[in-house]
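**Q** Dropping the sequence and predicted coords here.
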Amino acid sequence: PPHPTQPADLAAMAAVAGSALPPFCKDLADRFGVEAPHRLQWMHGTNSWRRLRRALADDATHMLEADVVFGPLQERPGTASSSPRCEEVDDAAHCLIMAHYPTATSSDLSLDDFLTAVMQHNASGVGTPKGVKLDFKKLSCVSSGVAALVKIYDDIASRCHGDAECTGAQRRPLMPAVFVNADVVRGPCFAPRLVARWVQPLPPQRFIQAVT
């Protein structure tokens, strides 16, 4: 039998939902030229160069979700990372990388390279613009990660001033949308015996302070 929800019903439901949305949701949809926020397409787990290149090349993708943590940065033959932010942990360099801790603890993609690649893509004017959602897994990463975002944005914006290669930056923002996210409460899937020793919710007030 046909599904009880027909296209007309879906359109009516979307109209009702749209009227109740907070203003930033409509603004987000407008920034990407879609009719409603639920039309935005996401790439989740953009935590490697392979997935990042795929997302940037996909004109149907609007937002890139990626996870930020301190960990070892894997070298890619023939390439160099753009001065990743690192700290010494047990005599080893741990950098801000894109990895879904605790199931992944290393990556070939640093936060600096992730942000630089996204902003350079947006500045080029090629393809559809991309926004990001940064999911912070540890409180120690937050202030450094936000500082990296601001610095890279300022650096690319200053280089693009009058640069012919940045023609896209004249008609669309370097970063049309940024979400900064962390788990600050225990959700229904929190299983203490499985994950409590690895992942505890971040303290809400300290997370907000680190972001601002």
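**A** Arrived safely, thanks for sending. Numbers count the residues shown, from 1 in each chain.
**Q** any idea of the mean pLDDT for stretch 99-109?
**A** Stretch 99-109 shows a mean pLDDT of 91.
**Q** Would you mind naming the helix or strand containing residue 152?
**A** Assessed by DSSP states H and E, residue 152 sits inside helix 139-160.
**Q** contacting residues around that helix?
**A** 68-70, 85, 96, 111-112, 115-116, 119-120, 123, 134, 136, 166, 169, 174-175, 178, 180, 182, 202-203, 206-207, 210-211 (C-beta atoms under 8 Å, 6 or more residues apart in numbering). Where you see a C-beta, it was placed from the backbone N, CA and C, and this is true even at glycine.
**Q** longest single strand anywhere in this structure?
**A** As assigned by DSSP state E, the longest strand anywhere in the chain is strand 63-71.
**Q** by how many degrees do that strand and helix 139-160 diverge?
**A** Angle, strand 63-71 to helix 139-160, by axes from the mean of the first three to the mean of the last three C-alpha atoms, to 10 degrees: 120 degrees.
**Q** who does strand 63-71 pair up with?
**A** Applying DSSP bridges to the sheet, strand 63-71 is found paired with strand 42-43 (parallel), strand 92-98 (antiparallel), strand 131-136 (parallel).
**Q** Lowest average confidence across those strands, which one?
**A** Across the strands paired with strand 63-71, strand 92-98 has the smallest mean pLDDT, namely a mean of 81.
**Q** next SSE after that one?
**A** Next along the chain after strand 92-98, taking DSSP H and E as the criterion, comes helix 111-124.
**Q** tell me what that following helix is packed against?
**A** helix 49-57, strand 63-71, strand 92-98, strand 131-136, helix 139-160 (3 or more C-beta pairs under 8 Å, 6 or more residues apart in numbering; DSSP states H and E).
**Q** could I get the ones you listed as TSV with mean neighbour count and distance to residue 186?
**A** Listed next are the helices and strands packed on helix 111-124 as TSV, based on neighbours: other C-beta atoms under 10 Å; distance: least, C-beta to C-beta, whole Å:
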stretch	mean neighbour count	distance to residue 186
helix 49-57	17	29
strand 63-71	24	18
strand 92-98	21	25
strand 131-136	22	16
helix 139-160	17	16
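**Q** Please produce CSV containing those, extended by distance to residue 36.
**A** What follows is the helices and strands packed on helix 111-124, written out as CSV (distance: least, C-beta to C-beta, whole Å):
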stretch, distance to residue 36
helix 49-57, 21
strand 63-71, 14
strand 92-98, 29
strand 131-136, 16
helix 139-160, 27
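**Q** right, so of these, which gets closest to residue 27?
**A** Within the helices and strands packed on helix 111-124, the stretch nearest residue 27 is strand 131-136; the backing value is 11.9 Å (C-beta to C-beta).
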